[in-house]
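Visitor: what follows is a protein structure lacking sequence information:
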């Protein structure tokens, strides 16, 4: 399976909750293509998808400051990546990405 970063979007701002408190949010929508679950008889080619990741989590997984996340994502454009997961009570949550480096064998 191969997965490639093909873009991202910024989703940040604030809103007031029911208690009239201001809640800030800052996430990135990571856009990828993958050939996961494709087989030669029924499916062929890449399929696209998008995942939402909090910027704070993304900065930790990339090893950069939150202010440098967009710069790092631009460097990873068209590069092979893997999603980083964390187990929660009922499911695996996506908390970041990492670059996949080719084997030098």
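Guide: Happy to help now that I have it. Because the structure is a prediction, the values reported are computed rather than measured. Numbering: from 1, shown residues only.
Visitor: going forward, measure contacts between C-alpha atoms and count neighbours the same way
Guide: OK.
Visitor: setting aside sequence neighbours, what's the nearest residue to the most centrally placed residue in the chain?
Guide: With distances taken as C-alpha atoms, centre = their mean, residue 30 lies nearest the centre of the chain, 4.2 Å away. Of all residues not flanking residue 30 in the chain, residue 8 sits nearest, at 4.5 Å (C-alpha to C-alpha, 6 or more residues apart in numbering).
Visitor: let's verify that neighbour: helix, strand, or coil?
Guide: strand (DSSP: H, G, I helix; E, B strand; the rest coil).
Visitor: and if you look at residue 67?
Guide: helix.
Visitor: circling back to that earlier point, what pLDDT does the residue nearest to residue 30 get?
Guide: The predicted structure scores residue 8 at 97 on the pLDDT scale.
Visitor: what are the ranges of the strands in the protein?
Guide: In the chain, the strands defined using DSSP state E lie at 3-16, 22-34, 47-54, 81-87, 92-99.
Visitor: on contacts alone, who are the packing partners of the fourth one?
Guide: Here strand 81-87 is seen to pack against strand 3-16, strand 92-99 when contacts are counted using 3 or more C-alpha pairs under 8 Å, 6 or more residues apart in numbering; DSSP states H and E.
Visitor: any idea of the mean pLDDT in it?
Guide: Across strand 81-87, pLDDT averages out at 93.
Visitor: chain center to that strand, what's the gap?
Guide: 8 Å (C-alpha atoms, centre = their mean, to the nearest Å).
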